[in-house]
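A.B. asks: This is the structure alone, sequence omitted:
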């Protein structure tokens, strides 16, 4: 199998070389960009398994680069940034990042996050031959999820979801009567221990609602059960 290809967007030469060297020894193929313009150009000219993106880069900001990429693809994006406030993290996740790592960081942690994201996203690869368990089509109102090709449509129109958004919706649609707490959602979707940080769950629920709800302020599909968590809306 060919190595997974990572687009590393980092203007700090020392950090870029360190990550490039480490990830290469771990059998990843790394393509480096030192500014936003180069990152967008490389992204358009090649196919990547994941993007590691610094926010503070020259020419085109990391936020603008991420929005550009999100307009074209649902490729996993991990922000690696010295900006470590809750506002920065929430903004990054809200605009489409799948994960957020603050500097200084451990390369071992970066590798673990990369592997976890790729592991979750590659299960949606159309070439996987093992059939999904249970029914291949899930239906809730006018929303249809096809587990055979991992697509979601609403009234026949395709909706592009990131891997985590898809996983959240899949969990709710497969268990329409069950209410999930934020801790349960985090454990099942992120495959990690819940440390009480609600931002990741809140942001992904908000993004998912903005894509599938007619009015995200009055959700019909991803409904809040006050004081407990979330469940699928009731559909006859």
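C.D. replies: Yes, it's here. Just so it is clear, the model here is predicted, and its values are computed rather than measured.
A.B. asks: Distance of the closest residue to residue 212 other than its chain neighbours relative to residue 73?
C.D. replies: Nearest residue to residue 212, sequence neighbours excluded (Cβ to Cβ, 6 or more residues apart in numbering): residue 221, at 5.4 Å. No exception for glycine: its C-beta is placed from N, CA and C like everyone else's. Residue 221 is 24 Å from residue 73, where distance means Cβ to Cβ, to the nearest Å.
A.B. asks: Looking at those two, which is more packed in?
C.D. replies: Per other Cβ atoms under 10 Å, whichever of residue 221 and residue 73 has more neighbours is residue 221, with 21 against 16.
A.B. asks: Name the residues of the helix or strand of the chain with the lowest mean pLDDT that come out as buried.
C.D. replies: The helix or strand of the chain with the poorest confidence is helix 86-94; it has a mean of 74 (mean pLDDT, DSSP states H and E). Buried residues in helix 86-94, counting neighbours by 16 or more other Cβ atoms under 10 Å, are found at 88, 89, 90, 91, 92, 93.
A.B. asks: can you redo the residues you listed as TSV with distance to residue 59?
C.D. replies: Listed next are the buried residues of helix 86-94 as TSV, based on distance: Cβ to Cβ, whole Å:
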residue	distance to residue 59
88	20
89	24
90	25
91	20
92	19
93	24
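A.B. asks: what sits against the most centrally placed residue in the chain?
C.D. replies: In the chain, the residue lying closest to the centroid (Cα atoms, centre = their mean) is residue 98, at 3.3 Å. By Cβ atoms under 8 Å, 6 or more residues apart in numbering, the residues touching residue 98 are 76, 77, 78, 117, 162, 163, 164.
A.B. asks: Surely the last one touches residue 188?
C.D. replies: No - between residue 164 and residue 188 there is no contact under Cβ atoms under 8 Å: 10.8 Å.
A.B. asks: Mind checking which of the two has more residues around it?
C.D. replies: Between residue 164 and residue 188, residue 164 has the larger neighbour count (other Cβ under 10 Å), namely 25 against 12.
A.B. asks: State the pLDDT value of the more buried one.
C.D. replies: With respect to pLDDT, residue 164 has a value of 88.
A.B. asks: helix or strand for it, which one?
C.D. replies: helix 163-174 (DSSP states H and E).
A.B. asks: Now do that helix: distance to the chain's middle.
C.D. replies: Centroid displacement of helix 163-174 relative to its chain, using Cα atoms, centre = their mean, to the nearest Å, is 12 Å.
A.B. asks: Stretch 30-39 now?
C.D. replies: For stretch 30-39, the distance to the chain centre is 20 Å (Cα atoms, centre = their mean).
A.B. asks: got the buried residues for it?
C.D. replies: In terms of neighbour count (16+ other Cβ under 10 Å), stretch 30-39 has its buried residues at 30, 31, 32, 33, 34, 35, 36, 38, 39.
A.B. asks: same deal with stretch 151-168?
C.D. replies: Of the residues in stretch 151-168, 151, 152, 154, 159, 161, 162, 163, 164, 165, 166, 167, 168 count as buried by neighbour count, 16+ other Cβ under 10 Å.
A.B. asks: Now do the helices in the chain.
C.D. replies: For the chain, the helices defined by DSSP state H cover 13-25, 36-45, 62-70, 86-94, 107-122, 163-174, 182-185, 199-212.
A.B. asks: Tabulate those helices in CSV, adding columns for distance to residue 234.
C.D. replies: CSV is the format used below for the helices of the chain (distance: least, Cβ to Cβ, whole Å):
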stretch, distance to residue 234
helix 13-25, 46
helix 36-45, 41
helix 62-70, 32
helix 86-94, 28
helix 107-122, 29
helix 163-174, 12
helix 182-185, 19
helix 199-212, 16
